[in-house]
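K.L.:
coords below, sequence missing:
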């Protein structure tokens, strides 16, 4: 039974009747995590409990939900089963493993991070016949330094800013990166203020067991001496801080001239995506017969995999691919 995979604002599996991370409203979509570029107002979703709660917070409204814990197999149509496995990207982020008795297995990673993080479940690497993987950092230059080293530099930046009478402002996405950074700052004992949206999502993460150091909502009148965590481009908040010293916290900090391009005083390469070396390690652990790459440097990473002897192809905009799960 050949499977059709259509790539158009997400991946569409017509023979199962489900989308994978549809970015426009769909009848039924697996939602790997609650970042804005992976969600829409679907009629029915398949996801983890944490993703369902965060999805409701970001896109309120009624929808049918199939909420699965990690590792529990759920029957879909046409003899296909689905099992969610942790992706290590943000809290509740999941991969989906689709299996058919006759045709084998397909693993779709969504966004994932193989390195252990402070605000997400550890990433799993289940075996699969076919692997569809995100390759945001699929070039050799994107090998991240040890996270303990990056966190130590980030803390030193904050401590120096406070010592200089400036207010350190860490620019992080409100969901995922902000919680990671907040937990990373705990050993320093620095007082922390959060942007209102960051605070709202952090409180939801607490409901799912994440423990954070003390924090409070941003208040311009008393921000001096605090570390402020806010989303990038929070121009209104930044305008209210008299002596802001800004730092971007992003994997793209590995690029030359990152601080100039991001218009910040510093940049720290802390990412919630897999680096190039971890992408290769992930493939080695899954041992798929066929690999389809998606996002970022998909074409380049697929070429790398082919040179290493893997059967790999990049999924391009508008591509339609047909293959058997059994290879």
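P.N.:
Right, received. Where do you want to start? Quick caveat: nothing in here was measured; it's all calculated off a predicted structure. Residues are numbered from 1 along each chain as shown.
K.L.:
quick check: end-to-end length of stretch 266-281?
P.N.:
End-to-end distance of stretch 266-281 (CA to CA, to the nearest Å): 30 Å.
K.L.:
gap between it and the chain center?
P.N.:
Here stretch 266-281 is found 11 Å from its chain centre; the criterion is CA atoms, centre = their mean, to the nearest Å.
K.L.:
tell me which residues of it are tucked away?
P.N.:
266-276, 278-280 (16 or more other CB atoms under 10 Å). Any C-beta I mention is one placed from the backbone N, CA and C, and that applies to glycine too.
K.L.:
helices and strands around the longest helix seen in the chain, which ones?
P.N.:
Longest helix in the chain, counting residues (DSSP state H): helix 147-163. With contacts taken as 3 or more CB pairs under 8 Å, 6 or more residues apart in numbering; DSSP states H and E, helix 147-163 sits against strand 167-171, helix 177-184, strand 244-249, strand 266-268.
K.L.:
now with 10 Å, please.
P.N.:
strand 167-171, helix 177-184, strand 227-230, strand 244-249, strand 266-268 (3 or more CB pairs under 10 Å, 6 or more residues apart in numbering; DSSP states H and E).
K.L.:
now mean pLDDT and distance to residue 142 too, for these, in a markdown table please.
P.N.:
A markdown table is the format used below for those (pLDDT from 0 to 100; distance: least, CB to CB, whole Å):
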| stretch | mean pLDDT | distance to residue 142 |
| --- | --- | --- |
| strand 167-171 | 98 | 20 |
| helix 177-184 | 98 | 16 |
| strand 227-230 | 98 | 24 |
| strand 244-249 | 97 | 16 |
| strand 266-268 | 98 | 14 |
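K.L.:
out of those, which comes closest to residue 67?
P.N.:
helix 177-184 (20.8 Å; CB to CB).
K.L.:
picking up where we left off before, how far out from the middle of the chain is the longest helix of the chain?
P.N.:
23 Å.
K.L.:
same deal with stretch 9-16?
P.N.:
Worked out by CA atoms, centre = their mean, stretch 9-16 lies 21 Å from the chain centre.
K.L.:
same thing with stretch 156-171?
P.N.:
That offset, for stretch 156-171, works out to 27 Å (CA atoms, centre = their mean).
K.L.:
also stretch 97-111?
P.N.:
Per CA atoms, centre = their mean, the centroid offset for stretch 97-111 relative to its chain is 20 Å.
K.L.:
quick check: buried residues in it?
P.N.:
97-100, 103-111.
K.L.:
equivalent analysis for stretch 13-30, please.
P.N.:
13, 16, 18, 19, 20, 21, 22, 26, 28, 29, 30.
K.L.:
do the same with stretch 5-13
P.N.:
For stretch 5-13, by 16+ other CB under 10 Å, it's 5, 6, 7, 10, 11, 12, 13.
K.L.:
can you list the buried residues of stretch 97-111 in JSON lines and add pLDDT and secondary structure?
P.N.:
Formatted as JSON lines, the buried residues of stretch 97-111 follow (pLDDT from 0 to 100; DSSP: H, G, I helix; E, B strand; the rest coil):
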{"residue": "97", "pLDDT": "97", "secondary structure": "strand"}
{"residue": "98", "pLDDT": "95", "secondary structure": "strand"}
{"residue": "99", "pLDDT": "92", "secondary structure": "strand"}
{"residue": "100", "pLDDT": "82", "secondary structure": "strand"}
{"residue": "103", "pLDDT": "71", "secondary structure": "coil"}
{"residue": "104", "pLDDT": "83", "secondary structure": "strand"}
{"residue": "105", "pLDDT": "92", "secondary structure": "strand"}
{"residue": "106", "pLDDT": "94", "secondary structure": "strand"}
{"residue": "107", "pLDDT": "97", "secondary structure": "strand"}
{"residue": "108", "pLDDT": "97", "secondary structure": "strand"}
{"residue": "109", "pLDDT": "98", "secondary structure": "coil"}
{"residue": "110", "pLDDT": "96", "secondary structure": "coil"}
{"residue": "111", "pLDDT": "97", "secondary structure": "coil"}
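K.L.:
among the residues you listed, which pair sits farthest apart?
P.N.:
103 and 111 (26.2 Å).
K.L.:
before we move on, back to that, between the helices and strands packed on helix 147-163, which gets nearest to residue 52?
P.N.:
It is, among the helices and strands packed on helix 147-163 and with distance given as CB to CB, helix 177-184, at 17.5 Å.
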